[in-house]
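Novice: Quick one: sequence and predicted model below, then my questions.
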Amino acid sequence: MINDKFARLIRCYFLLVFSISLVACGSSSKNESTKVDETNSSTPDTGVELVDNSGSADYKIIIYGNSHSARLGDLLEQLISSELTNAQVSTLTVSGRFLDEIVNTSGNIEKLQQANWSHAIFQGQKYSQSGSVNYSTSEAERLIASAKELEITPILFPEHPQQGDSKEGELVYQLHLSISEKEVSCVAPIGLVWDKAIAALPELNFYSADGNHASDAGHLLTAMTFYEVITGELADTLAYNAAFCDYRTTTPAVWANNYSSTD
C-alpha cells in the first residue's frame, strides 16, 4: 500500500514539474506579480553572487527552522544517497521557533562557518495569516547574505498552507520571493507544489491531525521538492524506497510550540 502511494506521489510530481516553474538555484526569482519596495529593505542586497552548488559531489546541507523542517534533513539524506550513489550527503538542523529567534541565539549564525556547507535552507520566517502585520525579514536576509559570502547556496523554505486555506500557500511563497529580491536567494515553491498535489491526489492525506503539520506523504512531497532544487535532478525519477516512510514521531505538544505563522 505504501509502495502504491509512493508511486502515485511520483506520478503526481511528474505532472507538477510541468505545471510549476521551480525557482532553480542560480536563476532569477523575480516575476511580474511580485513588487518590492526597496526602501523597506533593512538589509540591502550585498551584491554577492548566488553560487549554484547543485552539481556538488558532497552535499552538506544545514537547515535552520522549526517543526516544519524537523524531518527534512533525514529525508534529504535518504533521497540523495539512494538516487545519487556517487555523492556524499550530510545534514545538520538548527532548531528554533522563528528565524528572528534563531538568528539572535548565540552561535547559530556562526554554524554557517563551522563546516564546508554546500546548501543552507532557511525556514521559519514570521508572517501574518490575516495580513494585518508586517514582520521584519531582515533576519532572513542576514542569513542569506552570510551564506553567500561563504559560497553556500541559500534556499528559502516557504511553508505549505494550512489545511483548507487555498490562498496561504501563494501568500507565503510571494513573501519569500520578495525576500529573495532584497537579498538574492533560491526559493523552493513548497506551497505551490502542495496546492497542485492536493488538487491532483485528493485521496492522499498530506496533513497530520492538527491540519497544520505534514503527514508522511506531505513530508515526502516537501523533501522531493528540495531534492530537485538542491541537486538539479528530476524528482519524478526517484525509485521507491520503504525507508522513505520510516519516520520518527513528533508529539502534538511539540508541534503546538513550533507553529510557523503567528496570527
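Specialist: Received the coordinates, thanks.
Novice: where do the helices sit along the protein?
Specialist: Listed in chain order, the helices of the chain (DSSP state H) span residues 2-19, 72-83, 99-103, 138-149, 168-182, 190-200, 216-231, 252-256.
Novice: among the ones you listed, which is nearest Leu92?
Specialist: Nearest to Leu92, of all those, is helix 72-83, at 7.2 Å by CB to CB. Just so you know, the C-beta spots here come from the backbone N, C-alpha and C atoms, and that holds for glycine as well.
Novice: and the closest residue to Gly218 other than its chain neighbours, how many residues sit next to it?
Specialist: Spatial nearest neighbour of Gly218, chain neighbours left out: Phe206 (3.8 Å); criterion: CB to CB, 6 or more residues apart in numbering. Phe206: 20 surrounding residues under other CB atoms under 10 Å.
Novice: Would you agree Phe206 is in contact with Leu220?
Specialist: No: with contact defined as CB atoms under 8 Å, Phe206 does not reach Leu220; the gap is 9.3 Å.
Novice: so what sits against both of the two?
Specialist: Common contacts of Phe206 and Leu220 (CB atoms under 8 Å, 6 or more residues apart in numbering): none found.
Novice: Turn the helices of the chain into CSV, columns for distance to Glu159.
Specialist: Listed next are those as CSV, based on distance: least, CB to CB, whole Å:
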stretch, distance to Glu159
helix 2-19, 17
helix 72-83, 11
helix 99-103, 12
helix 138-149, 13
helix 168-182, 6
helix 190-200, 6
helix 216-231, 9
helix 252-256, 13
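Novice: Ser128 versus the residue nearest the centre of the chain, what's the distance?
Specialist: For the chain, Phe157 is the residue whose C-alpha lies nearest the centre (CA atoms, centre = their mean; 3.0 Å). Noted for Phe157: a distance of 18 Å to Ser128, by CB to CB, to the nearest Å.
Novice: Likewise for Val229?
Specialist: Counting by CB to CB, the separation of Val229 from Ser128 is 26 Å.
Novice: between these two, who's got more neighbours?
Specialist: Neighbour count, other CB under 10 Å: between Val229 and Ser128, Val229 has more, with 24 against 14.
Novice: surely that one meets Cys186?
Specialist: Yes: under the criterion of CB under 8 Å, Val229 makes contact with Cys186 at 6.1 Å.
Novice: mind showing which ranges of the stretch 151-263 of the chain have poor pLDDT?
Specialist: Within the stretch 151-263 of the chain, the stretches falling below the threshold (pLDDT under 70) are 240-263.
Novice: Try it again at 50.
Specialist: 246-263 (pLDDT under 50).
Novice: Tell me who's in contact with His160.
Specialist: Going by CB under 8 Å, 6+ apart, His160 touches His68, Gly169, Ile190, Gly191, Trp194, Phe206, Ala214, Gly218, Thr222.
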